[in-house]
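K.L.:
Make a model of this:
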Amino acid sequence: MAANDVKDLYYEFYVAGTPEQVWEALVSPEGVKAVYAGCVIESTFEEGASIQYVGPGNRGDRTVHVYGTILACEPHKTLSFSHYVGESYYEGQERYESRITYRIEPAGVSTKLMLTHDQWHEQDPSYKNTVSAWWFLLSSTKTWIETGKPLTW
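P.N.:
Numbers count the residues shown, from 1 in each chain. Take a look at the predicted model:
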C-alpha cells in the first residue's frame with residue numbers, strides 16, 4: 001500500500017436515540033456483543049487503562065480482536081483509544097498502532113455519532129478491511145439503538 005493511499009477515516013451518523021443510549025451501545029456488554037459478533041469490551045475506561053475487544057474467534061471464545069490503551073473517556077461524549085489488531089489477525093506480521101475516537105453530540109431529538117480512525121501507519125495491513133468494516137459496524141450500531149436488533153453479518 002502506498003503512503004498516499006492511507007487516509008484518516010471519518011464517519012458521521014445521526015441516530016434516533018439519546019447520547020446515553022449511543023454511549024451504552026458503544027461500551028455496554030449488551031451493545032458491544034450485539035454489534036461486534038459476540039465480543040465484549042474489557043476495560044475500566046480510565047485514561048491509561050487497557051482496552052480489549054474479546055470474544056469468539058479463531059483462538060476460541062477469548063480471542064482478542066482489538067486491543068489498546070484508553071487515551072480519553074468522557075461518558076456520553078468521547079471515547080478515544082489506541083488501536084492494534086489482535087494476534088490472530090495477520091499472524092507473524094507486525095501490528096501497527098492507529099487511533100479510534102468516538103464523539104457523541106446531541107442533535108435536536110437525535111444524536112450525532114462521529115468516529116475518526118486515524119494515525120495509520122502506511123504499512124498497516126488492516127487498513128483496507130477497516131475502511132469498509134466501519135460502515136457496517138456503525139450502521140449496525142445505529143440499527144441496534146433504533147430497533148433493538150443489530151444487522152447480521
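K.L.:
so what's residue 112 up against?
P.N.:
12, 13, 14, 15, 104, 105, 106 (Cβ atoms under 8 Å, 6 or more residues apart in numbering). C-beta: built from backbone N, CA, C; applies to glycine.
K.L.:
what about the first one, distance to residue 103?
P.N.:
I take that to be residue 12. 9 Å (Cβ to Cβ, to the nearest Å).
K.L.:
which one of these two has more residues nearby?
P.N.:
residue 103 (15 against 11; other Cβ atoms under 10 Å).
K.L.:
Name the helix or strand for the more buried one, please.
P.N.:
strand 98-107 (DSSP states H and E).
K.L.:
Send over that strand as PDB, restricted to the C-alpha atoms.
P.N.:
Extracted as PDB, the C-alpha positions of strand 98-107 are listed here (Å, rounded to 0.1, in the frame of the first residue of the first chain):
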ATOM      1  CA  SER A  98      -3.700   3.600  15.000                       C
ATOM      2  CA  ARG A  99      -6.200   5.700  17.000                       C
ATOM      3  CA  ILE A 100     -10.000   5.400  17.300                       C
ATOM      4  CA  THR A 101     -12.100   8.300  18.600                       C
ATOM      5  CA  TYR A 102     -15.800   8.300  19.100                       C
ATOM      6  CA  ARG A 103     -17.600  11.600  19.700                       C
ATOM      7  CA  ILE A 104     -21.200  11.900  20.600                       C
ATOM      8  CA  GLU A 105     -23.300  15.100  20.500                       C
ATOM      9  CA  PRO A 106     -27.000  15.900  20.900                       C
ATOM     10  CA  ALA A 107     -28.600  16.900  17.600                       C
END
